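**Q** Okay, sequence plus prediction incoming.
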Amino acid sequence: MHDETRTTLGGVGIWTFAFDPQPAPLVREAAAEIEESGYTAVWFGEAFGRDTFGQASLLLNATRRITVASGIANIAFRDPIATATATRTLGEAFTGRYVLGLGGHRVDDTVHELDGYPMPARGRAVATMRGYLDAMDAVPAHGPAPRPAPRRVLAALGPKMLELAAERTWGAHPYFVPVEHTARARALMGPHAFLGVEQAVILDTDLARARELATAHVAGYVDNAAHQEANVRRLGFGDADITGGPSRRLVDAIVVYGGLDAIRRRVREHFAAGADHVCVQVLTADPSTLPRHEWRELAPALVGERAPVR
């Protein structure tokens, strides 16, 4: 449920998967630079690199003011008691600066196939997430309780998960979505739930080259992530947009590419559609490196952009 004392995380942040391959000193240096550039948050994914809470601690210790958000902590990787206690620890140590994003695929065998560990929860996605939240909330608190409690958001795409996000958490963190999804999510969740949207961007005025990179990014998700394919189909994209490679229409809806003006325009469109916060994921030809140059180039165009007063 919503806490009236919570303030909305506004403005533009950075979203990245690129911290994992980097040594810790470089991650600290990059995080401090993101903060000094004026971005309001740094979001990071979780795959098979650093544990999400270890990564969050690294980033929080390297910065002073910026919000650090998991985008997302995968519920398939740990039991609810581990998530609850780690979240409390970060919430106490870094008051008001940590946001726990929850998501993942505990309903399938992805992790089991990789490490042989049987997952303790099975079932449909919304019911599984509801049960996970219930289990987290039931974990007894021994020791100092963080005040305010760390905020939680869900990696929500479909209507039922968006409703759960509005009902049980601070709000939603949709990933791989067009502006149309932002408008639908805001209408469904109501005016008070937080909506922090990831937006993939390519800062490159060679549009043919940028479009090729954008197409590869989109194909990687619609070909390999059933929930992402299902979401774009809900938004009206069909076989012609997905089969045999993503259509130009789908690519352009998911990724914005070109110069600063094009990227700033897309961010503003998300804000106008109802987003409280937009976190940009910079795509480059080498995803193993940190796009620090692009983060610096984008900052003058994006820092200071905010949702209109509603």
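**A** That came through fine.
**Q** what comes up buried for stretch 153-172?
**A** Within stretch 153-172, the residues scored as buried using 16 or more other CB atoms under 10 Å are 153-157, 160-166, 168-172. All C-beta spots, glycine's among them, are computed from the backbone N, C-alpha and C.
**Q** ah, wrong one, I meant stretch 255-275
**A** 255-258, 262-264, 266-271, 273-275.
**Q** just checking, which of those belong to helices?
**A** A262, I263, R264, R266, V267, R268, E269, H270, F271, A273 (DSSP state H).
**Q** okay if I get the residues you listed as TSV plus pLDDT?
**A** Below are these laid out as TSV (pLDDT from 0 to 100):
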residue	pLDDT
A262	98
I263	98
R264	98
R266	98
V267	98
R268	98
E269	98
H270	98
F271	98
A273	98
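**Q** the longest strand in this structure is where?
**A** As assigned by DSSP state E, the longest strand anywhere in the chain is strand 194-203.
**Q** Centre of the chain to it, how far?
**A** A distance of 8 Å separates the centroid of the chain from that of strand 194-203, by CA atoms, centre = their mean, to the nearest Å.
**Q** Quick check: can you name the pairing partners of it and their directions?
**A** In the sheet, strand 194-203 lines up against strand 171-172 (parallel), strand 255-258 (parallel), strand 277-282 (parallel) (DSSP bridges).
**Q** On the C-terminal side of that strand, identify the next helix or strand.
**A** Using DSSP states H and E, the helix or strand that directly follows strand 194-203 along the chain is helix 207-222.
**Q** quick one: low-confidence ranges for the stretch 101-250 of the chain?
**A** 105-123 (pLDDT under 70).
**Q** so who does the residue lying closest to A32 once chain neighbours are set aside touch?
**A** Spatial nearest neighbour of A32, excluding adjacent residues (CB to CB, 6 or more residues apart in numbering): A62 at 5.4 Å. A62 makes contacts with V27, R28, E29, A31, A32, as judged by CB atoms under 8 Å, 6 or more residues apart in numbering.
**Q** Nearest to A185 among those?
**A** Minimum distance to A185 across the contacts of A62 is 28.2 Å, recorded for A31 (CB to CB).
**Q** I figured the closest one hits Q55, correct?
**A** No. Using CB atoms under 8 Å, A31 is not in contact with Q55; the gap is 10.1 Å.
**Q** Which residues are in contact with the residue nearest the centre of the chain?
**A** Nearest residue to the geometric centre of the chain (CA atoms, centre = their mean): G71, 3.6 Å. Residues near G71 by CB under 8 Å, 6+ apart: W15, W43, F44, G45, G101, A155, H173, Y175, E198, C279.
**Q** Most neighbours among those residues, which one?
**A** Counting neighbours by other CB atoms under 10 Å, the top entry in these is H173, with 29 neighbours.
**Q** my guess is it meets A156, correct?
**A** Yes. H173 lies in contact with A156 (CB under 8 Å); the separation is 7.4 Å.
**Q** ok, of the contacts of G71, which one's closest to L235?
**A** Y175 (14.0 Å).
**Q** any idea how far G45 is from that closest one?
**A** Look at Y175 and G45: by CB to CB, to the nearest Å, they are 9 Å apart.
**Q** for N231, same thing?
**A** Taking CB to CB, one finds N231 at 17 Å from G45.
**Q** Repeat that for V280.
**A** From V280 to G45 the distance is 14 Å (CB to CB).
**Q** shared neighbours of these two, which are they?
**A** Taking CB under 8 Å, 6+ apart as the contact rule, V280 and G45 both touch W15.
**Q** which residues in the stretch 51-200 of the chain form strands?
**A** In the stretch 51-200 of the chain, the strands defined using DSSP state E, counting those that start in this stretch lie at 67-70, 73-74, 98-103, 151-154, 171-172, 194-203.
**Q** Could I get those in a markdown table, plus columns for distance to T85?
**A** Below are the strands of the stretch 51-200 of the chain laid out as a markdown table (distance: least, CB to CB, whole Å):
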| stretch | distance to T85 |
| --- | --- |
| strand 67-70 | 15 |
| strand 73-74 | 13 |
| strand 98-103 | 12 |
| strand 151-154 | 14 |
| strand 171-172 | 23 |
| strand 194-203 | 24 |
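**Q** deepest of those strands, which one?
**A** strand 171-172 (a mean of 28; mean count of other CB atoms under 10 Å).
**Q** Okay then, goodbye and thanks.
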